[in-house]
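Chemist: Curious how this folds, go ahead:
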Amino acid sequence: MTGAAPRVGLVAIGRNEGERLKRCLRSVPPGCPVVYVDSGSTDGSVAFAQGLGMSVEPLSTEQGFTAARARNAGWRRLLAEHPGLEFIQFIDGDCEMDAAWLPRAVAAIEAEPELCAVFGRLHERHPEASFYNALCDDEWNVPLGLVGACGGIALFRVAALREAEGFNDAIIAGEEPDLCLRLRLKGWTVRRIDADMALHDAAITRAAQWWKRTRRSGHAYAEHLARHGRDADPAWRRNRDSILLWALLVPLAIAALFAGALILRQPIVALPALGLLLLYPAQLARLTLRRHREGRGWRFALGWAFWMVAGKFAQLAGLWQYHWKRWRGQTSQVIEYKQGSGAGAAK
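Modeler: As a prediction, the model looks like this:
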């Protein structure tokens, strides 16, 4: 990463990440140009980054904070200072980059000119600290090879970022799949490679935090489908349909059958409702068995399956939030699920 004309730069984003940000910025290789984008921190983050000799881009509070807006401000500032950069690594302030990551990522993206981005294995720093941390670690272990999208920690080709004009500032969740879809429609591809990329500190210890994180994903599905229509990712459409089935249509059918039984004073009318209720434990059992067959222990498999089923209701709340706000001509605010995080809580 040395020399007069660096080819790779780094954008870090965050808000009040404290010690996590210090680990993050210290993990940047020597000689790598860095811009830290701060979203209103009050914990000394700006002073720390400046103390390391890094450029700092403070976001104004007028437009509201989103990870997309922060990343855009970062890569544009980075290119203004280093116009010769070919690749930009994005990282969130609650992550610590693996020392061997950047050379492997650059080699991989150079080997395939059609790649707009590459990413590797993102590990949770403390998966043993809570079941929700373990869920995050499991979620990030995506298959190797060409994929539809990456997350917020990835190495991007500058030419691709410029062609797509970066992230969409207004999107509060799912900005990475949005960008990747727009780039795929232009002929670019995304690859997950077999390399450790970074450690992430989720710090999710309560069910309420996971519920908010899951609600945010529902919001992301709704906005993605509304923005892209027929071009939207088919997997996201299937996810939206699954949410509507399990969290809306089946409960409505159950409620209608029970109401009919009360109105008609015919208990037999409620029998199909009992059958529909049994779909939930049946789905829980099916998903638990599937994860166990994939090599996970029974305890993890059961917990994962529970949140796959219960999470549909949180995601439905996210779907509703997006469409309700859109109908009223309003925009949603960032859904924060952990204390201290703002634009950096984007995984």
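
Chemist: Relative to Ala154, how far out is Leu183?
Modeler: 12 Å (CB to CB, to the nearest Å). For the C-beta atoms, the positions are set from N, CA and C on the backbone; glycine is no exception.

Chemist: Can you pick out the residue with more neighbours from these two?
Modeler: Ala154 (25 against 22; other CB atoms under 10 Å).

Chemist: rewinding a little: got any residues that touch both of Leu183 and Ala154?
Modeler: Overlap of the contact sets of Leu183 and Ala154 (by CB atoms under 8 Å, 6 or more residues apart in numbering) consists of Ala117.

Chemist: Please export the C-alpha coordinates of stretch 122-140 as CSV.
Modeler: Taking Å, rounded to 0.1, in the frame of the first residue of the first chain, the C-alpha atoms of stretch 122-140 are listed here in CSV:
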residue,chain,number,x,y,z
LEU,A,122,-17.3,-11.2,7.8
HIS,A,123,-17.0,-12.8,11.2
GLU,A,124,-18.8,-11.8,14.4
ARG,A,125,-16.3,-10.8,17.1
HIS,A,126,-18.2,-12.4,19.9
PRO,A,127,-20.7,-15.0,18.6
GLU,A,128,-20.7,-16.6,22.0
ALA,A,129,-21.9,-13.5,23.8
SER,A,130,-25.5,-13.9,22.7
PHE,A,131,-27.6,-16.0,20.4
TYR,A,132,-28.3,-12.9,18.3
ASN,A,133,-24.6,-12.4,17.7
ALA,A,134,-24.4,-16.0,16.6
LEU,A,135,-27.3,-15.4,14.2
CYS,A,136,-25.4,-12.5,12.7
ASP,A,137,-22.3,-14.7,12.2
ASP,A,138,-24.4,-17.3,10.5
GLU,A,139,-26.1,-14.8,8.3
TRP,A,140,-22.9,-13.4,6.9
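
Chemist: Let me see the mean pLDDT of that stretch.
Modeler: Stretch 122-140 carries an average pLDDT of 95.

Chemist: Quick one: distance of the longest strand seen in the chain to the chain centre.
Modeler: Counting by DSSP state E, the longest strand found in the chain is strand 189-200. Chain-centre distance of strand 189-200: 14 Å, with CA atoms, centre = their mean, to the nearest Å.

Chemist: can you give me the mean pLDDT across that strand?
Modeler: 97.

Chemist: Buried residues of whatever helix or strand comes next after it, list them for me.
Modeler: Per DSSP states H and E, the first helix or strand lying C-terminal to strand 189-200 is helix 207-228. Neighbour-count burial for helix 207-228, counted by 16 or more other CB atoms under 10 Å, picks out 209-225, 227-228.

Chemist: From the contact counts, what lies against the helix or strand just after helix 207-228?
Modeler: Later in the chain than helix 207-228, the nearest helix or strand by DSSP H and E is helix 234-244. Packing partners of helix 234-244 (3 or more CB pairs under 8 Å, 6 or more residues apart in numbering; DSSP states H and E): helix 207-228, helix 298-327.

Chemist: who does the residue lying closest to Val190 once chain neighbours are set aside bridge with?
Modeler: Computed as CB to CB, 6 or more residues apart in numbering, the closest residue to Val190 that is not its neighbour in sequence is Ala117, at 5.0 Å. Counting by DSSP bridges, Ala117 forms beta bridges with Phe156, Val190.

Chemist: tell me which residues in stretch 11-22 are buried?
Modeler: 11-18, 20-22.

Chemist: Can you list the neighbours in contact with that stretch?
Modeler: 24-25, 28, 34-43, 45, 48-49, 65, 67, 70-71, 74-75, 78, 88-96, 201, 340-344, 346.

Chemist: gap between the two ends of that stretch?
Modeler: 14 Å (CA to CA, to the nearest Å).

Chemist: Export only the CA atoms of stretch 59-73, formatted as PDB.
Modeler: C-alpha atoms of stretch 59-73 as PDB (Å, rounded to 0.1, in the frame of the first residue of the first chain):
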ATOM      1  CA  LEU A  59     -22.100  14.900   7.700                       C
ATOM      2  CA  SER A  60     -24.500  17.700   8.300                       C
ATOM      3  CA  THR A  61     -27.600  17.000  10.300                       C
ATOM      4  CA  GLU A  62     -30.000  18.700   7.900                       C
ATOM      5  CA  GLN A  63     -30.700  15.700   5.600                       C
ATOM      6  CA  GLY A  64     -30.700  13.000   8.200                       C
ATOM      7  CA  PHE A  65     -28.100  10.200   8.500                       C
ATOM      8  CA  THR A  66     -28.100   7.100   6.300                       C
ATOM      9  CA  ALA A  67     -25.200   4.700   5.700                       C
ATOM     10  CA  ALA A  68     -25.700   5.300   2.000                       C
ATOM     11  CA  ARG A  69     -25.300   9.000   2.300                       C
ATOM     12  CA  ALA A  70     -22.200   8.500   4.500                       C
ATOM     13  CA  ARG A  71     -20.500   6.100   2.100                       C
ATOM     14  CA  ASN A  72     -21.200   8.500  -0.900                       C
ATOM     15  CA  ALA A  73     -19.700  11.400   1.000                       C
END
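
Chemist: I would like the residues contacting it, please.
Modeler: Contacts for stretch 59-73 (CB under 8 Å, 6+ apart): 11, 13, 15, 37-40, 57, 90, 92, 152, 166-172, 175, 331, 333-334, 342-346.
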